[in-house]
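K.L.:
with the sequence up front, the predicted model follows.
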Amino acid sequence: MSTQSKVARILAAHPFAKRAAVIPILQEIQEAEGYVSQDAVVKVSAHLAMPASKVYGVATFYNQFRFKPKGKYHIMVCRGTACHVKGSLSALRLVEEGLSIKAGDTTRDGLFSLEVVCCMGACGLAPVISINGEFHAKVTPEKLKNIVEEIKLKGEK
Amino acid sequence: MLKIEVNGKTVQAGQGETILQALTRHGIKVPTLCHLPGLAPSGACRMCVVEVDGLPSLIPSCSYPVADGMRISTNSRQVLQARKTIVELLLSNHPQDCLYCGRGGDCDLQRLARQHGVRQRVFSGERIRREKDMSSPAIVRDPEKCILCGKCVRVCEEVQDVSAIDFIQRGAKAFIGTAYDQGLNVSSCINCGQCVLVCPTAALAERSYVDDVLRALNAPGKYVVVQHAPAVSVSIAEEFDYKPGTDMDGKMTAALRRVGFRKVFDTSFTADLTIMEEGSELVKRATTGGVLPMFTSCSPGWIKLVEQFYPEFMPNLSTCKSPQQMLGALVKTFFAQREKIDPADIVSVSVMPCTAKKFEAGRPEMGRGRLSDVDYVLTTRELAELFRTVGVDPAALEPETPDTPFGERSSAGKLFGASGGVMEAAVRSAYFLITGTEMKEYTIQELRGMKGSKELRVKAGKFELGAAVVSGLGPARRLMEEIKGGRKDLHFIEVMTCPGGCINGGGQPRRADTESVKARMNALHHIDKDAPLRVSHKNAQVKRLYDEFLGAPLGRKSHELLHTRYTKRDVLR
């Protein structure tokens, strides 16, 4: 199903929605599309009779919303307390530098996207990252480099 | 009445009042930053905290209601320290360039820092860097100067119903921006400048053309003329510490000549001309089955609002250019021919109470060939700056009169500066055009005053005209929705973008409260009361202009020089 009809279908399911529904609607759109596009923000604004600046303001307030499509490999770096203590900041920096993107971004080739999350509930494995749902425990800089390089090789093929 | 104790003294307070309101009435000054009188308090900045007996922490007085027997302290050690800390925290992410800042000496944050004895940077943390937005011809945004008080966001939403800007992101990353942080020029911003009026710092300012005007005045071979809008002369006095409502028309004209302008014209002259053109257009629409109701077109913020939010109403807009643009067009045609000057050598400057006029002057259709009708637009504030830069004190000068051929005006033209004024001028002349007789009483009280929405049914002979006057785009949009919903009793609607009209425009002196704006309005009404010429159709210079140059209203020349067209605009909305 095309992008446009997905958003249209979601909005059609909320025929009398008011401003208060903006967050659940944005969540549904992100669920369906993987991110919230500019086109979606404009359509949500029109549907809820809400200025686009407001919808954009609300969406950017929350970490959960992405504004770029997810990459083929979606990396989530945990920055919860336990992971922080175990050095997740350097893990995050390493991924950011290795891929030349910041949290919330997607690489130009669409291969990687990066997200920072507050806790994955796997504190015993700290520091932990997840790639497309697959957990990598107790990551060290060395380990991380290998993981990223491996995917790059796979992706290039 | 309730009794409260303030700093050990018992005073009276009204039921339902906030603490701030009660304190202000009793002459106790509580500092505020995010407070906007007339709008619901947001309680965001905490500058106005006071101590109340029995409450565990300091409370914001702007949003806390008084209660009987309340004991309040506004100057305890704890209160003063808390306020000082708030200022210090705001300054921790603020540039230290007050010497070079456009608001230096006129900045609320600077004033609060001084009042609270802040003498050094206490918190030095990482500064957030953001680029200036110079994309708009009317308004410049400097996010580094922004302290996130949110007043601009609230005025844009709650007063103007535009919401071009909002808080983006959160926490330390939060900033004020447009949807998708695009440039203001491509956003839904209508350039009204109401945000500029309320901004406590230099985060929002008009795009200044003072330097360009100075350069033109000093350029050899250039013939620099100036026009000033009706609302400027009754407001600029505030920039020179006169009380609001002082009219400086003659002194300002004298000062403009001292600055070096070759001719000083009065935009009220083309306001009279607008009445002739717009009045004829209304009669033509009414008698030939044209599109009604007709909306006035002198307020460029309103025009952009229609173009982007209500394009289906573009045929309802009068095709008349605004008085600024009409005068600009005449200067480079009729005046240039008459004085035998090459129009390319003329630099046409206007002084307006308005930031949106800067945008209007830059519209591509406002000129012929490479020549713009108007080259530079200064706000009232910028004109005061120009006077100070050049060292001209208008207060010390003897009043002078403006230049022919665009100097004579009726007081009806002057009324264009306040909400209801265009309609009042139009009704006076329409009455004459239809009945052939003058109105017994020119003053139309129903159209005056600060109300956002005013209506009147006018009888002239066998005609009855449904007239509505709205100011502020909130009331304007509500009326648009009524018309969309099928309302059919209105024929002519005056819309001014700013609440109260141009006297409260985005280019006017800052810090005007409702009383000051009323005083400016009263000054215009006072001018009208005593004026020898109170109707546009008796303006002899306007008649001469038709005889010698234009022909008749709505004629070929008028159509070419004085009328315009509109463009649908796609913006994120």
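P.N.:
Thanks, I have it.

K.L.:
now do the strands in chain A.
P.N.:
With strands called from DSSP state E, chain A shows them at A:73-78, A:112-117, A:129-131, A:134-136.

K.L.:
strand partners (parallel or antiparallel) of the last one?
P.N.:
So that's strand A:134-136. Strand A:134-136 pairs in its sheet with strand A:129-131 (antiparallel), by DSSP bridges.

K.L.:
which bits of chain A sit near chain B?
P.N.:
Residues of chain A found near chain B (CB under 8 Å from any CB of the partner chain) are A:38, A:41-42, A:45-46, A:51-57, A:60-61. Bear in mind the C-beta positions are built from the backbone N, C-alpha and C, glycine included.

K.L.:
which stretches of chain A form helices?
P.N.:
A:3-12, A:22-33, A:38-48, A:52-61, A:81-85, A:88-99, A:141-156 (DSSP state H).

K.L.:
now, of those, which is deepest in the fold?
P.N.:
Of all the helices of chain A, helix A:52-61 has the most neighbours on average by mean count of other CB atoms under 10 Å in any protein chain shown, namely a mean of 24.

K.L.:
ok and that helix relative to helix A:22-33, angle-wise?
P.N.:
Angle of helix A:52-61 versus helix A:22-33, following axes from the mean of the first three to the mean of the last three CA atoms, to 10 degrees, is 70 degrees.

K.L.:
off-centre distance for helix A:52-61?
P.N.:
17 Å (CA atoms, centre = their mean, to the nearest Å).

K.L.:
that one - contacts with which helices or strands?
P.N.:
For helix A:52-61, the elements it packs on are helix A:22-33, helix A:38-48, strand B:165-168, judged by 3 or more CB pairs under 8 Å, 6 or more residues apart in numbering or on different chains; DSSP states H and E.

K.L.:
CSV for the ones you listed, including distance to residue A:107 and mean pLDDT?
P.N.:
Listed next are the helices and strands packed on helix A:52-61 as CSV, based on distance: least, CB to CB, whole Å; pLDDT from 0 to 100:
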stretch, distance to residue A:107, mean pLDDT
helix A:22-33, 18, 95
helix A:38-48, 20, 95
strand B:165-168, 24, 97
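
K.L.:
make TSV from the ones you listed and add distance to residue B:82 to it.
P.N.:
Output for these, formatted as TSV (distance: least, CB to CB, whole Å):
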stretch	distance to residue B:82
helix A:22-33	34
helix A:38-48	39
strand B:165-168	24
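
K.L.:
which residues of chain A score low on pLDDT?
P.N.:
Within chain A, the set of residues satisfying pLDDT under 70 comprises A:1-4, A:156-157.

K.L.:
kindly recompute the last result at 80.
P.N.:
Low-confidence segments of chain A, defined by pLDDT under 80: A:1-4, A:155-157.

K.L.:
now do chain B
P.N.:
For chain B, the stretches with pLDDT under 80 are B:125.

K.L.:
show me what contacts the residue nearest to the spatial centre of it?
P.N.:
Closest to where the C-alpha atoms of chain B average out (CA atoms, centre = their mean) is residue B:505, at 0.9 Å. Applying CB atoms under 8 Å, 6 or more residues apart in numbering or on different chains to residue B:505 gives the contacts B:192, B:193, B:231, B:352, B:353, B:354, B:355, B:380, B:497, B:498.

K.L.:
inside strands: which ones of these?
P.N.:
Members of the contacts of residue B:505 lying in strands (criterion: DSSP E): residue B:352.

K.L.:
widest-spaced pair of the contacts of residue B:505?
P.N.:
Largest separation among the contacts of residue B:505 by CB to CB: B:380 and B:497, giving 15.6 Å.

K.L.:
what about the two, which has more around it?
P.N.:
Between residue B:380 and residue B:497, residue B:497 has the larger neighbour count (other CB atoms under 10 Å in any protein chain shown), namely 31 against 27.

K.L.:
tell me which element the closest residue to that one other than its chain neighbours falls in.
P.N.:
The shortest distance from residue B:497 to any residue other than its chain neighbours is 3.4 Å, reached at residue B:301 (CB to CB, 6 or more residues apart in numbering or on different chains). For residue B:301, the enclosing helix or strand under DSSP states H and E is helix B:300-309.

K.L.:
which secondary structure elements does that helix sit against?
P.N.:
Judged by 3+ CB pairs under 8 Å, 6+ apart, the packing partners of helix B:300-309 are helix B:356-361, helix B:473-484.

K.L.:
the next helix or strand after the shortest one: partners in the sheet, and parallel or antiparallel?
P.N.:
When you say that, I think you mean helix B:356-361. Counting by DSSP H and E, the element after helix B:356-361 in chain order, helix or strand, is strand B:367-368. Using DSSP bridges, strand B:367-368 pairs in its sheet with strand B:371-372 (antiparallel).

K.L.:
quick one on the thing from earlier: kindly export the helix holding residue B:301 (C-alpha atoms) in PDB.
P.N.:
Taking Å, rounded to 0.1, in the frame of the first residue of the first chain, the C-alpha atoms of helix B:300-309 are listed here in PDB:
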ATOM      1  CA  PRO B 300      -0.600  43.600   3.600                       C
ATOM      2  CA  GLY B 301      -0.600  41.100   6.400                       C
ATOM      3  CA  TRP B 302      -4.300  40.500   5.800                       C
ATOM      4  CA  ILE B 303      -3.700  40.100   2.100                       C
ATOM      5  CA  LYS B 304      -1.100  37.400   2.700                       C
ATOM      6  CA  LEU B 305      -3.500  35.600   5.100                       C
ATOM      7  CA  VAL B 306      -6.200  35.500   2.300                       C
ATOM      8  CA  GLU B 307      -3.700  34.400  -0.300                       C
ATOM      9  CA  GLN B 308      -2.500  31.400   1.800                       C
ATOM     10  CA  PHE B 309      -5.500  30.500   4.000                       C
END
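
K.L.:
next, the angle from that helix to helix B:473-484.
P.N.:
50 degrees.

K.L.:
related to what we said a few turns ago, mind checking which of the contacts of residue B:505 are in helices?
P.N.:
The helices, defined by DSSP H, take in residue B:380 from these.

K.L.:
and the contacts of residue B:505, which are buried?
P.N.:
For the contacts of residue B:505, a burial check counting by 16 or more other CB atoms under 10 Å in any protein chain shown picks out B:192, B:193, B:231, B:352, B:353, B:354, B:355, B:380, B:497, B:498.

K.L.:
domains in the chain, by residue range?
P.N.:
Using chain A here. With automatic domain parsing as the criterion, the domains of chain A are listed as A:3-61, A:73-156.

K.L.:
actually it's chain B I care about, not the one you picked
P.N.:
Chain B breaks down into these domains under automatic domain parsing: B:2-89, B:128-206, B:211-562.

K.L.:
a markdown table for those domains, including distance to residue A:94?
P.N.:
What follows is the domains of chain B, written out as a markdown table (distance: least, CB to CB, whole Å):
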| stretch | distance to residue A:94 |
| --- | --- |
| domain B:2-89 | 33 |
| domain B:128-206 | 22 |
| domain B:211-562 | 46 |
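
K.L.:
closest to residue A:135 out of those domains?
P.N.:
domain B:128-206 (28.4 Å).

K.L.:
which residues touch the closest residue in space to residue B:193 that isn't next to it in sequence?
P.N.:
For residue B:193, ignoring the flanking residues on the chain, the nearest one in space by CB to CB, 6+ apart is residue B:506 at 1.9 Å. Neighbouring residues of residue B:506 by CB under 8 Å, 6+ apart: B:191-197, B:206, B:353-356, B:379, B:498.

K.L.:
of these, which pair is most distant in space?
P.N.:
B:195 and B:353 (15.5 Å).

K.L.:
picking up where we left off before, does the residue nearest to residue B:193 lie in a helix or a strand, and which?
P.N.:
Going by DSSP H and E, residue B:506 is not part of any helix or strand.
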